[in-house]
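Peer 1: Show me the folded form of this:
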Amino acid sequence: MSPLSTASSPARLESRSRANRLAASKALFFAAAGLSFALSVWLWFSGDRERGLFVGLWVPSILAAGGLLLTGGRHE
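Peer 2: Numbers count the residues shown, from 1 in each chain. This next block holds a predicted model:
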């Protein structure tokens, strides 16, 4: 087997790079939603229920924004 046949093509490398960026973006949105959820729970149980509810509303908003931005507005 020649060394050239085992090398990755530029298109394949670009595809992997795009997949890595997508995975990192997804992780960032999930981390932001998770932190928002944790902050909401902490606020709720520390007695500041109104702020806990407000911050809890961020979670679906963050996830929806992530879904919209990561799909680029295209329908698949």
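Peer 1: Which stretches in this structure count as helices?
Peer 2: Counting by DSSP state H, residue ranges of the helices within the chain are 3-6, 10-45, 49-56, 58-71.
Peer 1: how about JSON lines for these, with mean neighbour count added?
Peer 2: Using the backbone N, CA and C atoms, a C-beta is placed for each residue, glycine as well. Listed next are the helices of the chain as JSON lines, based on neighbours: other Cβ atoms under 10 Å:
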{"stretch": "helix 3-6", "mean neighbour count": "6"}
{"stretch": "helix 10-45", "mean neighbour count": "12"}
{"stretch": "helix 49-56", "mean neighbour count": "14"}
{"stretch": "helix 58-71", "mean neighbour count": "13"}
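Peer 1: As a markdown table, those helices with mean pLDDT would be great.
Peer 2: Listed next are the helices of the chain as a markdown table, based on pLDDT from 0 to 100:
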| stretch | mean pLDDT |
| --- | --- |
| helix 3-6 | 54 |
| helix 10-45 | 90 |
| helix 49-56 | 96 |
| helix 58-71 | 93 |
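Peer 1: And the most centrally placed residue in the chain, how far from Asn20?
Peer 2: Centroid check for the chain by Cα atoms, centre = their mean gives Lys26 as the closest residue, at 2.3 Å. The gap separating Lys26 from Asn20 is 11 Å, by Cβ to Cβ, to the nearest Å.
Peer 1: ok, back up a step: contacting residues around the residue nearest to the centre of the chain?
Peer 2: Each residue near Lys26 by Cβ atoms under 8 Å, 6 or more residues apart in numbering is listed here: 66, 70.
Peer 1: Also the one 3 residues further on?
Peer 2: Taking Cβ under 8 Å, 6+ apart as the contact definition, Phe29 lies against 62-63, 65-66, 70.
Peer 1: at 7 Å instead, please
Peer 2: Phe29 is in contact with 62-63, 66, counting by Cβ atoms under 7 Å, 6 or more residues apart in numbering.
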